[in-house]
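Student: please find the sequence and the predicted model below.
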Amino acid sequence: MTNRRNPAAWNPVAWTLIALAAACGGAERKADMMVDIGGGVRAIPAERLAAKRARYADVRIGVDEAGVTAEDRAVLADLVRAAEVMTRLFWKQASATGLATREGLASLAPQLAGPARAHAEALLDYVDLNAGPWDRLDGDEPFVGTAAKPAGGTFYPPDLTREAFEAWLAAHPEDRERFESPFTVIRWAPATDPAAPRRLVDLPYSEAHRKDLEEAAAHLRSAASKTRDPVLAKYLRGRADAFRTNDYFQSDMDWMDLGTAPADVASSIEVVIGPYEVYEDGLAGLKAAFEAFVTVRDDAESRKLAAVAGMLDELEAALPLDDRHKNFSRGKASPISVVNVVFAAGDAAKGVQTTAFNLPNDERVRTAKGSKKVMLKNVGRAKFDNSLVPIARTVLDPALLPRVDFEAYFNDILMHEVSHGLGPGVITSPDGTKRTVNLALRDTYSHIEEAKADVVGVWSILHLAKKGFFPAGIVERTEATYLAGIFRSVRFGVEEAHGKANIMEFNYLRKQGAFTYDAATGRFGVDHDRFEPAIRALAHDLLVIEAEGDLAAAQGFIATYGTMPPEVADALARLAHVPVDIKPQYTWK
Ligand code: ZN
């Protein structure tokens, strides 16, 4: 799974455009708002395109290649080539026309001149960003041509509806497992008798995309032959085999072991490549899209995480919670790996950028080996610079700005992830029956658990700071950075779990006086003396709700603290100029 927030829920540019259209008497259809850019191609006007594109800040993403061994650089070169194939495959999965639209624009642009040429080139750039001519931030509205994005991509026949697919599965239970596989496409069987009813068949990815997958596999085998790291080589060869056999299980298992080779041969490369997430399948949410993250481990952060992992019992003991509720047996939490992205491709490179992912998705692997969380530090840094800092400049007391820094921001994210593994997990009722916290709290669980992870994360940072684990000043920097981060999270709305969690934290801490508001300037601040006691109280209240599995208390907490106060809404309205996301340009040659 990826941590992709949906920024469309709070999209100032879109709302401005909708308002403008309405003001112009606009029951106009979108097709009428398009212009001819030449060659019979219709697209949105240049000004409208510029407003859409401005929501993405251009950033350079890469690693310091001097810090990568010559051996790893040679391996990375092959992996980037394999990853590029994933981009081509992903475009083919997303629609049958995306690549042709791209090629049409690419050949049209050089035939044009002046503003028309610039317009065509800008469209090409935006098609690349969205992996097709549909705007992923604006509900997939077309910006070149007027055809709607196919809900099921090319995973299914274009004329197959969800209802027809489900009816087929109900009538043909023997097909269900193959048809619901993440790694098959569904097609109409070629008609032999035109009078007979049409028949659906499945085709494994290994056949539907054989040529592309063979090309990617050759690059993976070449990479495997260049590394001395046996664990990495095993994953790459296994994944190359999976592209041919369509069986991804063993290479998913092997992926969990990356980074465990003996130090004298260990590669610092962390790579994942293949079909994983199913979000692109808007028809049934079954089919996996091709993607790749080619990354290098961040040594300093990995050491920090290893140290924290050795202190989990201490952090559990430090929770502001009655000892009888503490939980020292949650055992091996899922490993966390901190990396810097060299190159991302396919599903991983379109639209809004991922800052972390948790794989594999195969439940058999998760049961046998757990899953691994991979955090993309340089992507996080780019989002911090281009989003969090401008937000802080707009809404925070200016005296706090020097304390908003990336180290504190990344610590917050890391400790949030670690904190999901702290506190109650399984509750024992007075009659001895056991149930998990998430079952007990039902639909309130994700809101309460995300808030708990944030606040226990901050609490743990305060605890570790006292032990000298972090450099001086980390507490003041954490206070300011955490407050700015709340505005970043609630910017996309407070209905989704992270947004709801953040507004609850804000309201609780504001009530306790830890966060302050100056109505004259419309800016927010921190009361240092009240911060730690308020965090303690909030962590305690959330942990007790989980420990007791108290659904009514969870509902009450959300009702009390889960709505956006007017002063926060006012502050958010001033953020229209802040980019929604980043558009990476990879520096790898
Ligand atoms: Zn979380």
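Tutor: Yep, it's here. Residues are numbered from 1 along each chain as shown.
Student: residue 564 is in contact with residue 490, isn't it?
Tutor: Yes: contact status for residue 564 versus residue 490: in contact at 6.6 Å, counting by Cβ atoms under 8 Å. In short, each C-beta sits where N, CA and C put it, glycine included.
Student: so what sits against both of the two?
Tutor: Here residue 564 and residue 490 have residue 503 as joint contacts, going by Cβ atoms under 8 Å, 6 or more residues apart in numbering.
Student: name the SS class of residue 187, please.
Tutor: State at residue 187, reduced to three classes by DSSP: H, G, I helix; E, B strand; the rest coil: strand.
Student: pLDDT wise, what is the residue of the chain positioned farthest from its centre at?
Tutor: The centre of the chain is farthest from one residue, residue 195, which by Cα atoms, centre = their mean lies 47.5 Å away. On pLDDT, residue 195 comes in at 87.
Student: ok, which stretches of the stretch 301-450 of the chain are helices?
Tutor: In the stretch 301-450 of the chain, helices defined by DSSP state H, counting those that start in this stretch lie at 312-317, 363-369, 377-383, 389-395, 406-419, 437-441, 445-466, listed in chain order.
Student: among those, which is nearest residue 218?
Tutor: For the helices of the stretch 301-450 of the chain, proximity to residue 218 was assessed by Cβ to Cβ; helix 363-369 is nearest, at 25.6 Å.
Student: buried residues in the closest one, which are they?
Tutor: Across helix 363-369, burial judged by 16 or more other Cβ atoms under 10 Å covers 365-366, 369.
Student: now that helix: how far from the chain's centre is it?
Tutor: When distances are taken as Cα atoms, centre = their mean, to the nearest Å, helix 363-369 is centred 21 Å away from the chain's centroid.
Student: elements contacting it?
Tutor: Other helices and strands packing on helix 363-369, by 3 or more Cβ pairs under 8 Å, 6 or more residues apart in numbering; DSSP states H and E, are helix 249-255.
Student: could you say what helices and strands the helix it packs on packs with?
Tutor: In terms of contacts (3+ Cβ pairs under 8 Å, 6+ apart), helix 249-255 is packed against helix 230-245, helix 363-369.
Student: what do you get if the cut-off is 10 Å, keeping everything else the same?
Tutor: helix 230-245, strand 269-275, helix 363-369 (3 or more Cβ pairs under 10 Å, 6 or more residues apart in numbering; DSSP states H and E).
Student: these two touch, right, residue 475 and residue 462?
Tutor: Yes: contact criterion Cβ atoms under 10 Å: residue 475 and residue 462 qualify, at 6.2 Å.
Student: still on that earlier bit, what would the buried residues of helix 363-369 look like in TSV with pLDDT?
Tutor: Listed next are those as TSV, based on pLDDT from 0 to 100:
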residue	pLDDT
365	89
366	84
369	87
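Student: let's have those in JSON lines, adding distance to residue 390.
Tutor: JSON lines is the format used below for the buried residues of helix 363-369 (distance: Cβ to Cβ, whole Å):
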{"residue": "365", "distance to residue 390": "40"}
{"residue": "366", "distance to residue 390": "38"}
{"residue": "369", "distance to residue 390": "41"}
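Student: higher neighbour count, residue 564 and residue 490?
Tutor: Using other Cβ atoms under 10 Å, the more surrounded residue of residue 564 and residue 490 is residue 490, with 24 against 16.
Student: quick revisit: now the common contact residues for residue 475 and residue 462.
Tutor: Counting by Cβ atoms under 10 Å, 6 or more residues apart in numbering, the contacts common to residue 475 and residue 462 are 531-532.
Student: sort out which residues of stretch 432-441 are buried, please.
Tutor: For stretch 432-441, by 16+ other Cβ under 10 Å, it's 437, 440-441.
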